[in-house]
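> attaching a predicted model along with its sequence, questions to come.
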Amino acid sequence: MFDLETLRLIWWVLVGVLFIGFAIMDGYDLGAAILFPLVTRNETERLIVLQTLGPFWEGNQVWIVLGAGAMFAAWPIVYAVAFSGPYFVVLLLLLTMGISRPVSFKYRTKLPNLFWRRCWDWIVFIGGLFPALLFGMLVGNILQGLPFAFDTNLRMTYEGTFVDLINPFALWCGLTGMVMLVMHGGIYLAVKTYDPIRARAIHWARLAALGVILLFIGGGIWVAYFLPGYQLPIPVDPAGFSNPLHKQVIAVVGGWLANYQHYPFTMVLPIIGVLSALGVVFTAKQGNSRLAILLSSLSIIGIIGTVGVSMFPFILPSSHHLPSSLLIWDASSSAPTLLLMLVSVIIFLPMILLYTAWVRYVLRGKVDKETVDKQAY
């Protein structure tokens with residue numbers, strides 16, 4: 001039905017869609033958690049904000065589970081390097097996003113003690129801030145290349161440390177990711193709440209949108225003039241064996257921009273990223289902010305899509321041993337595995353989308369004091 005080259009390309013797109021879905025769906029959870037201490041002034045307002053997140057956060061994290069599962073099945077070598085190399089970062093993500101954040105939603109109301117609730121409130125904030133920063137920092141380090149290498153038996157060694165991941169470009173990307181999610185989370189709160197929470201959320205979302213524009217453009221200049229990008233001097237067979245060692249790779253400053261010369265239509269992605277964020281600034285206050293949240297989602301698509309298109313066909317470059325860099329052409333599963341998974345996605349992904357849409361429809365509308373009073377807090 002599909003040849004191996006086509007299947008690899010399809011799965012590159014699908015994995016990208018899943019991670020973009022996570023950034024959009026769980027991104028507003030993380031952004032709203034970062035804004036939690038900034039948009040609330042009393043216990044009732046805090047409960048309102050938490051109620052906007054409570055019914056959705058767990059379902060939203062399904063997207064990262066799907067993305068990681070798809071990565072494991074479609075690109076097992078990439079999964080092995082990405083989840084075992086920077087292991088401490090993955091552990092921090094699990095502790096903050098997967099454990100402390102959901103626990104804080106429930107435990108803060110177990111006791112009426114003020115100190116108890118303020119402690120859990122800060123954990124809510126940390127559970128939004130750290131994942132937003134860490135995801136961005138991971139992207140920044142991937143663009144620079146991770147320090148791994150394969151021997152002739154494809155056994156991987158990782159030479160880096162957690163401290164190595166904290167570098168200026170990674171911090172810039174982490175800040176960009178955090179501000180992007182603050183923009184998205186602020187607009188989400190504007191859609192789901194009334195004043196004064198709504199007004200505060202719009203204020204921070206508009207500031208964040210301006211920050212997204214400046215940081216994204218600044219990151220593009222950094223990539224163009226200072227950051228080495230990876231390229232293939234000799235083309236690789238898109239239908240070749242999954243062995244990353246049979247190729248040549250070079251690092252050239254500005255190399256990540258080559259695809260925009262070869263495929264000019266891809267310039268639409270960074271343009272969407274910037275213009276949509278600018279649109280958030282002007283539409284955040286209009287109507288019910290629904291246009292703004294659409295533009296915020298488009299900005300996320302444009303920004304993440306820009307990273308994916310810039311790196312194509314690289315998925316995980318190696319700074320330690322350039323030929324060990326992983327491409328979509330030489331790190332995938334076999335054609336039968338990719339085809340079987342594709343059939344599963346065609347069957348089950350529409351079900352997930354329909355369920356997600358139904359939940360949003362059932363729980364549509366704003367959250368106010370009356371809504372909170374009905375909950376068993």
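Happy to help now that I have it.
> buried sites along the longest helix along the chain?
The longest helix of the chain (DSSP state H) is helix 114-144. With burial defined by 16 or more other Cβ atoms under 10 Å, the residues of helix 114-144 counted as buried are 117, 120-121, 123-144. To be clear about C-beta, it is placed using only N, CA and C from the backbone, and glycine gets the same treatment.
> mean confidence for that helix?
For helix 114-144, mean pLDDT is 91.
> how about the next helix or strand after that helix: buried residues?
Going down the chain from helix 114-144, the next helix or strand is strand 148-150, by DSSP states H and E. Counting neighbours by 16+ other Cβ under 10 Å, one finds that the buried residues in strand 148-150 are 148-150.
> pick out whichever of those sits closest to residue 246.
Checking the buried residues of strand 148-150 against residue 246 by Cβ to Cβ gives residue 150 as the nearest, at 11.2 Å.
> surely residue 245 meets residue 324?
Yes - when contacts are counted by Cβ atoms under 8 Å, residue 245 is listed as touching residue 324 (6.8 Å).
> between the two, tell me which one has more neighbours.
residue 324 (25 against 13; other Cβ atoms under 10 Å).
> give me the distance between that one and residue 318.
Using Cβ to Cβ, to the nearest Å, one obtains 4 Å as the distance from residue 324 to residue 318.
> residue 358 too?
For residue 358, the distance to residue 318 equals 43 Å [Cβ to Cβ].
> so which of the two has more stuff around it?
A direct count of neighbours by other Cβ under 10 Å for residue 358 and residue 318 places residue 318 higher, at 25 against 10.
> tell me who's in contact with that one.
Taking Cβ atoms under 8 Å, 6 or more residues apart in numbering as the contact definition, residue 318 lies against 145-149, 324-326.
> pick out the most distant pair among these.
Within the contacts of residue 318, 147 and 326 form the most distant pair, 13.7 Å apart (Cβ to Cβ).
> who has more neighbours out of the two?
More neighbours surround residue 326 than the other of residue 147 and residue 326, with 25 against 19 (other Cβ under 10 Å).
> partner residues bridging that one?
Listed by DSSP bridges, the beta-bridge partners for residue 326 are residue 316.
> may I see the buried residues of stretch 184-197?
For stretch 184-197, burial by neighbour count (16+ other Cβ under 10 Å) applies to 184-193, 197.
> actually, stretch 61-74.
When neighbours are counted by 16+ other Cβ under 10 Å, the buried residues of stretch 61-74 are found to be 61-64, 66-68, 70-71, 73-74.
> can you name the two of these that are farthest apart?
Comparing all pairs in those by Cβ to Cβ, the longest separation belongs to 61 and 74, at 20.1 Å.
> related to what we said a few turns ago, out of the buried residues of strand 148-150, flag the one nearest to residue 57.
In terms of Cβ to Cβ, no member of the buried residues of strand 148-150 lies closer to residue 57 than residue 148, at 32.7 Å.
> show me the shaky parts of this protein.
Within the chain, the stretches falling below the threshold (pLDDT under 70) are 1, 372-377.
> for the protein, what spans make up the strands?
Counting by DSSP state E, the chain has these strands, from start to end: 148-150, 156-158, 228-231, 250-253, 314-316, 326-327.
> pick the most buried one from those strands.
Scoring the strands of the chain by mean neighbour count under mean count of other Cβ atoms under 10 Å gives strand 326-327 as the most buried, with a mean of 26.
> other residues contacting that one?
So strand 326-327 is contacted by 75, 77-78, 81, 232, 236, 244, 247, 313-318 (Cβ under 8 Å, 6+ apart).
> close enough to count as contact, residue 4 and residue 242?
No - the pair residue 4 / residue 242 is not scored as a contact, 9.5 Å apart, by Cβ under 8 Å.
> follow-up on the earlier one: so what sits against both of residue 324 and residue 318?
Common neighbours of residue 324 and residue 318, using Cβ under 8 Å, 6+ apart, are 148-149.
> just to revisit the earlier point, now the two most distant members of the buried residues of stretch 184-197.
Greatest spatial distance among those (Cβ to Cβ): 184 and 197, at 16.2 Å.
> closest one of the buried residues of stretch 61-74 to residue 156?
Minimum distance to residue 156 across the buried residues of stretch 61-74 is 15.5 Å, recorded for residue 71 (Cβ to Cβ).
> surely the closest one and residue 12 touch.
No - using Cβ under 8 Å, residue 71 and residue 12 do not qualify as a contacting pair, with a distance of 10.9 Å.
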